[in-house]
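Engineer: Turn this into a structure:
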Amino acid sequence: MTSSGTNDGSLTGSAAWELLLPAASAPARARGRALQAALREAIRSGRLAPGTRLPSSRDLATDLGVSRGLVTEAYEQLTAEGYLRSGRGAGTWVSEAVRAARPRARDLAPRSPGTRADFVPGTPDLSLFPRAAWSAAHRAELAELPHHDLGYPDPRGLPRLRTALAGLLARRRGVVADPERIVVVSGVAQASTLVGSVLHARGMRTIGVEDPGSPQHDGLYTAAGLGTVPLPLDEDGLALEPLRASGVRAVVTTPAHQYPTGIAYSAGRRAELLDWARSVDGLVLEDDYDGDFRYDRAPVGALQGLDPEHVAYMGSVSKSLAPGLRLGWLLVPAALANEVVERKRTMDLGHPSLDQALFARFLERGDYDRQLRRCQRAYRERRDALIAALAEHFPEARVSGIAAGLHAIAELPERYGPEDDFLKRVTDAGIAVRPLSACTHARTGAGGVRLVLGYAHLPPSRIRAGVGLMAEALAG
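Structural biologist: Below you'll find the predicted structure:
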């Protein structure tokens, strides 16, 4: 710079051109745009603060080794945009109207940072993800995928994947699976909002949800325009009298392994629920969130197989592979199929083609079945480790919901309550847990503490250590 340092907020010395030097080195045709972009970003980021005086166009051009006209044009453009201000004979300044943003990328992923033991349910063991097999399938699909499959896909999904899914769901879950009525989605969350928005467009304004049930349901269906009506459970499943009295014509259920209680709907209750749906020309939304993991009993088939015209079936790979894949499926009754497909089309124009082709190969070659068997063995071992650790450290605890799934319910004696005190003590000790009360609208007033303990993501050693830490925190 030709000017030396001053006290008037000027941009002087080498700092003036150091932040612009890369722009000055750009190819000749792009140099003007690069200089404008560099100045604009320097102002946005706060490196050039409001009130900073810029060098004259002649001085800056000399220091950067560019034409004066290039600098003059940049100053004029940014003045027109409001980043700079200037006055005749007064120089050029960074405008006080600019409020510099501090760019940062935050991570809003749901995690429990800084915990010594994390029993929050809902996540599988991500270290079990079959990286080698997935990578091999990815390479093969990239090499073989037809060019036209990289265009906008059928909003329902690639026919190849829908056919493979139909075979999987019929074989493993007893679903009546017509590939023409399968929609590939980014998970049960999208499946829920797709069906919810169609029901809203048809005039529905409320939908029933299990109570206790998934904490996510309220937000998902509210986003689709539906209010949620909590409906109680009994030992057989969703209680029918409150359902009939509610006036709803659609209800969300987890009949194979109810979340979070772990019960399986009885055969009688499943039949009664379908009778109700037929009587009101209604719909049952079946969330088969962990239907593949059964330990001490034979698998319970999907409700959809009993009445495919009154049940919408939803599932995903979030528990079997990884939730970050955002890959799931929705099987809808014929009467809703066209409307759901159109909603999917307008929402995102279809799921990514390469991901679909990759998963289709994974299904066709038997890799998915092998992954399910691997997870089944691991999660059974972890379930057993949790039961043993609770028996050792909390011998009076009542443990339920253990025949299937990825979590268990532990009901601790009254002496560990009240719940708020319990949660504060374990949280202060660095232990993350979810109370059953977080999953229900009801307040029972029970004196004990009931926990929904996830175990799938923890190796047995960490399960044992975590339960031990919990016992220590409560004893202190």
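
Engineer: element containing the residue found closest to residue 84 once you drop the neighbours it is linked to in the chain?
Structural biologist: In space, and not counting its chain neighbours, residue 84 is closest to residue 78: 4.5 Å by C-beta to C-beta, 6 or more residues apart in numbering. In this view, the C-beta of every residue, glycine as well, is placed from N, C-alpha and C. Remark: residue 78 resides in helix 68-81, with elements defined by DSSP states H and E.

Engineer: so how far is the next helix or strand after that helix from its chain's centroid?
Structural biologist: Going down the chain from helix 68-81, the next helix or strand is strand 84-87, by DSSP H and E. How far strand 84-87 lies from its chain's middle: 47 Å, per C-alpha atoms, centre = their mean, to the nearest Å.

Engineer: do the same with stretch 51-58
Structural biologist: Worked out by C-alpha atoms, centre = their mean, stretch 51-58 lies 48 Å from the chain centre.

Engineer: What's the end-to-end length of stretch 399-409?
Structural biologist: Terminal residues of stretch 399-409 are spaced 6 Å apart (C-alpha to C-alpha, to the nearest Å).

Engineer: in that stretch, what counts as buried?
Structural biologist: 399, 401, 402, 403, 404, 405, 406, 407, 408, 409 (16 or more other C-beta atoms under 10 Å).

Engineer: Pull the most distant pair out of those.
Structural biologist: 399 and 406 (14.6 Å; C-beta to C-beta).

Engineer: Run through the residues that contact the residue nearest to residue 84.
Structural biologist: Neighbouring residues of residue 78 by C-beta atoms under 8 Å, 6 or more residues apart in numbering: 36, 39, 40, 43, 84.

Engineer: of all those, which comes closest to residue 205?
Structural biologist: Minimum distance to residue 205 across the contacts of residue 78 is 48.0 Å, recorded for residue 40 (C-beta to C-beta).

Engineer: Which pLDDT does the model give that closest one?
Structural biologist: At residue 40, the pLDDT value in this model is 87.

Engineer: I'd say it and residue 82 touch.
Structural biologist: No - here residue 40 does not reach residue 82: they are 10.6 Å apart, not a contact under C-beta atoms under 8 Å.

Engineer: Look at these two and report which has more neighbours.
Structural biologist: Each of residue 40 and residue 82 has its neighbours counted (other C-beta atoms under 10 Å); residue 40 has more, 18 against 10.

Engineer: can you tell me which helix or strand the more buried one belongs to?
Structural biologist: Using DSSP H and E, residue 40 falls in helix 31-45.

Engineer: Buried residues, that helix. List them.
Structural biologist: 31, 32, 34, 35, 36, 38, 39, 40, 42, 43, 44.

Engineer: and the angle for that helix with helix 68-81?
Structural biologist: With axes from the mean of the first three to the mean of the last three C-alpha atoms, to 10 degrees applied, the angle from helix 31-45 to helix 68-81 works out at 40 degrees.

Engineer: Could you give the average pLDDT over the helix or strand following helix 31-45?
Structural biologist: With elements assigned by DSSP H and E, the helix or strand that comes after helix 31-45 is strand 53-54. On average, the pLDDT along strand 53-54 is 89.

Engineer: helices or strands up against the helix holding residue 40?
Structural biologist: Helix 31-45 is packed against helix 21-24, helix 68-81, with contacts defined by 3 or more C-beta pairs under 8 Å, 6 or more residues apart in numbering; DSSP states H and E.

Engineer: Centre of the chain to it, how far?
Structural biologist: For helix 31-45, the distance to the chain centre is 36 Å (C-alpha atoms, centre = their mean).
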